[in-house]
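K.L.:
Below is the sequence, then the predicted model.
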Amino acid sequence: AQSVAQPEDQVNVAEGNPLTVKCTYSVSGNPYLFWYVQYPNRGLQFLLKYITGDNLVKGSYGFEAEFNKSQTSFHLKKPSALVSDSALYFCAVRDKRINKFYFGSGTKLNVKP
Amino acid sequence: DTAVSQTPKYLVTQMGNDKSIKCEQNLGHDTMYWYKQDSKKFLKIMFSYNNKELIINETVPNRFSPKSPDKAHLNLHINSLELGDSAVYFCASSRDRVHHEQYFGPGTRLTVT
């Protein structure tokens, strides 16, 4: 079973509109959750993480994510998309019980002017 | 200053050859990782070292051997290269192995012909 799933291969949104990139996880307990962004021909860059505390986490470049334990989700959001946000976004989870780290399959975000 | 650096950036070689990829981090982190990203952008962890000790060793052919001479360096040696080894290999580091975010290198694009 997948430990982390990104159900959308691609998300298209118009500049200025809100964006959501979905992520669900299936590890037990309280996982550590992360979002990363990858621009073409570059390494991944950390955006934000949830470890504990407030369910709404704010990160770099105006992104935020909400941890929802009942829905086992950690969707990435931004109120107003920019063309420069176009990139590949990865959700990641650390399963503390077995010290395993998993990345989702990635979601390509296209922001059109 | 580059936080996580990898050399070479590109590597083109023939089947059967042996090659190495080097990684260095100047962040003072304790933990380093190697990932493989395939042509579909799927990212999979291969190895992780914490203070020069191997802590994650995923199902990877034993042709792949990591070496950590000190905690700032984690090199990847690949023997008897195969066509299927063609991918982008990313090195990453994190402050510790538990919950801190990872910092990625720029990647090494390996092409096996």
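P.N.:
Received it, and whenever you're ready, just let me know what you need. Residues are numbered from 1 along each chain as shown, chains lettered A, B, ... in the order given.
K.L.:
Quick one: low-confidence residue ranges for the chain.
P.N.:
You didn't pick a chain, so chain A it is. Low-confidence segments of chain A (pLDDT under 70): A:1-2.
K.L.:
wait, I meant chain B there
P.N.:
Low-confidence segments of chain B (pLDDT under 70): B:1-2, B:99.
K.L.:
What residues does it have near chain A?
P.N.:
Within chain B, the positions near chain A by Cβ under 8 Å from any Cβ of the partner chain are B:4, B:33, B:35, B:40-45, B:48, B:55-56, B:90, B:92, B:97-99, B:101-107. (Each C-beta comes from the backbone N, C-alpha and C, glycine too.)
K.L.:
And those, which of them are buried?
P.N.:
Taking 16 or more other Cβ atoms under 10 Å in any protein chain shown as the criterion, what is buried in the residues of chain B next to chain A is B:4, B:33, B:35, B:43, B:45, B:48, B:56, B:90, B:92, B:97, B:99, B:101-107.
K.L.:
Identify the residue of chain B closest to chain A, quick one.
P.N.:
Closest contact between chain B and chain A, by Cβ to the nearest Cβ, is at B:Phe104 (3.4 Å).
K.L.:
quick one: that residue and B:Cys91 touch, right?
P.N.:
Yes - between B:Phe104 and B:Cys91 there is a contact at 7.3 Å, judged by Cβ atoms under 8 Å.
K.L.:
overlap in contacts of the two?
P.N.:
Shared contacts of B:Phe104 and B:Cys91, defined by Cβ atoms under 8 Å, 6 or more residues apart in numbering or on different chains, are found at B:4, B:35.
K.L.:
Using the three-state scheme, assign the residue most central in space within chain B.
P.N.:
The structure's chain B has its C-alpha centroid closest to B:Trp34; by Cα atoms, centre = their mean the separation is 3.1 Å. Using DSSP: H, G, I helix; E, B strand; the rest coil, the structure places B:Trp34 in strand.
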